[in-house]
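Student: Based on what follows, work out the 3D shape:
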Amino acid sequence: MTKTTHIEHMRDIVRYWKKQDQTIALVPTMGKVTGEHMTLIQKALKNNDRVVVSMFANPLQFPSEEAYYRHETAFEEGERICQELGVHMIFQPEAGEMYGGRYCTYVTCEEWPDMKTDKDSYHYYKGCCTVVVKLYHIVQPDCIYIRKEKAKDAEVFRMLVHDLNMNMEVFTE
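Tutor: Okay, the predicted model is just below:
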């Protein structure tokens, strides 16, 4: 298993895999690998040539800086679990690597009902959609595996994939 914190290193590895016509699955986490993530990882390993687990506590998904800093991560435990399961790659960028310097481009899903009525949901999904698009361009996965607990997120991501013509399938457990 390899781990990187750098976008360009991740892209180099993806280019190598793509040259070999390997399929890539992405299992995104916010820094913790839960039991449900483990099930998704096993499913992804069974159905794809390569599996990337992203461990990124996305600051854009939090309603405040304070909430972001209170978010619990378990990177070392997640790495151990990924190693045991046979994950090929962990992508664990810092916020500065993903959004460094001046950042002003966001992705929103305006037709999602919660986006129109709930400010916290709008903020959360703006962050989710933005990071999924960024991960898509970095990891170039053929599919993304989303926890069943996050079924609402999966619906939003399916709309995102459709609307932006992304060549990626969205799976839930």
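Student: What's the local residue count around residue 25?
Tutor: Close neighbours of residue 25, defined as other CB atoms under 10 Å, add up to 28. No exception for glycine: its C-beta is placed from N, CA and C like everyone else's.
Student: Relative to residue 165, how far out is it?
Tutor: Relative to residue 165, residue 25 is positioned 20 Å away (CB to CB, to the nearest Å).
Student: next SSE after the helix or strand bottoming out on mean pLDDT in the chain?
Tutor: Between all helices and strands in the chain, the lowest mean by mean pLDDT, DSSP states H and E belongs to helix 113-117, at a mean of 67. For helix 113-117, the succeeding helix or strand toward the C-terminus, using DSSP states H and E, is helix 119-139.
Student: Kindly provide the whole-number mean pLDDT of that following helix.
Tutor: Taken as a whole, helix 119-139 has an average pLDDT of 90.
Student: how about it: buried residues?
Tutor: By neighbour count on 16 or more other CB atoms under 10 Å, the buried set for helix 119-139 is 121-136, 138-139.
Student: just checking, residue 55 touches residue 29?
Tutor: Yes. Look at residue 55 against residue 29 with CB atoms under 8 Å: they come within range, at 5.3 Å.
Student: what do the two both touch?
Tutor: residue 78 (CB atoms under 8 Å, 6 or more residues apart in numbering).
Student: for the one helix or strand residue 36 maps to, packing partners?
Tutor: Using DSSP H and E, residue 36 sits within helix 35-47. On a contact count with 3 or more CB pairs under 8 Å, 6 or more residues apart in numbering; DSSP states H and E, helix 35-47 meets strand 24-29, strand 50-55, helix 75-85, strand 143-146.
Student: Now distance to residue 103 too, for those, in a markdown table please.
Tutor: Below are the helices and strands packed on helix 35-47 laid out as a markdown table (distance: least, CB to CB, whole Å):
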| stretch | distance to residue 103 |
| --- | --- |
| strand 24-29 | 19 |
| strand 50-55 | 18 |
| helix 75-85 | 23 |
| strand 143-146 | 22 |
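Student: So which of the ones you listed is nearest residue 39?
Tutor: Judged by CB to CB, the one of the helices and strands packed on helix 35-47 that comes nearest to residue 39 is strand 143-146, at 9.1 Å.
Student: hang on, the earlier thing: for residue 159, which of the helices and strands packed on helix 35-47 is the nearest?
Tutor: Closest to residue 159 of the helices and strands packed on helix 35-47, according to CB to CB: strand 143-146, at 13.1 Å.
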